[in-house]
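Asks: Generate a structure from the sequence data that follows.
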Amino acid sequence: MHPFDIKAALLAKHAQHVVLIHFPIALFIAGVAFDFAAHWTKRQILAAAAYCNLLAAAVTTIPVVISGFLAWQWQLEGQRLKGILLMHLILGCASGLLIWIVFFLHLRARGSHAGVPPSYRLPIEAVTVALVMLTGHLGGFLSGVNGPG
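Replies: So this is what the prediction gives:
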């Protein structure tokens, strides 16, 4: 494939997932970093930055999950998953769900009178970051970036 062949790049059977996945990963990790900083410094501007990043991360999980399922259907013709690919699918769905849960915790806090998210969100955010990183690591093996794929 020629590097500037736009049609081939856009219509590749798995390319969209590989490109799109970077957005929710980066947005979520940045959002969690802003949230931890806001929690420690009590600065509202950091809390607002965290909220915006978490919102964008949650929204971008939708096309990522869809493109992942489409890549499975197109590339592997829907065959039964096993091994790293199955683990990547399970962890990816769990990561997406947890990203949405973290976002809803922040959304609910913004709608409440106090406007402060519950403190139990911080361990949930930390676990979600670890899960996102593990999912991405497995995805790197599947794409061939982290080794034979």
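Asks: what's stretch 118-130 in contact with?
Replies: 28-29, 32, 35-36, 39, 95, 98-99, 101-102, 105-106, 109 (C-beta atoms under 8 Å, 6 or more residues apart in numbering). (Each C-beta comes from the backbone N, C-alpha and C, glycine too.)
Asks: Now, those that are in helices?
Replies: Per DSSP state H, helices hold the following members of the contacts of stretch 118-130: 28-29, 32, 35-36, 39, 95, 98-99, 101-102, 105-106, 109.
Asks: List buried residues within those.
Replies: The neighbour count (16 or more other C-beta atoms under 10 Å) marks 28-29, 32, 35, 39, 95, 98-99, 102, 105-106, 109 as buried among the ones in helices among the contacts of stretch 118-130.
Asks: related to what we said a few turns ago, what's the closest of the contacts of stretch 118-130 to H17?
Replies: Proximity of the contacts of stretch 118-130 to H17 (C-beta to C-beta) peaks at S95, which lies at 13.7 Å.
Asks: low-confidence ranges in the chain?
Replies: Along the chain, segments meeting pLDDT under 70 span 1-15, 144-149.
Asks: repeat that with 80
Replies: The chain contains residues with pLDDT under 80 at 1-16, 72, 74-78, 113-115, 142-149.
Asks: Which strands or helices does the helix ranked longest in the chain pack on?
Replies: In the chain, assigned by DSSP H, the helix with the most residues is helix 44-76. The elements that helix 44-76 packs onto, with contact taken as 3 or more C-beta pairs under 8 Å, 6 or more residues apart in numbering; DSSP states H and E, are helix 15-20, helix 22-41, helix 83-111.
Asks: Looking at the contacts of stretch 118-130, spot the one nearest N53.
Replies: Nearest to N53 among those, with distances taken as C-beta to C-beta, is F28, at 7.2 Å.
Asks: quick one on the thing from earlier: Serialize the buried ones among the ones in helices among the contacts of stretch 118-130 to TSV and add fields for distance to Y120.
Replies: Shown next, in TSV, are these (distance: C-beta to C-beta, whole Å):
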residue	distance to Y120
F28	18
I29	20
V32	14
D35	13
H39	12
S95	19
L98	13
I99	16
V102	11
L105	9
H106	13
A109	12
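Asks: Many thanks, I have nothing further to ask.
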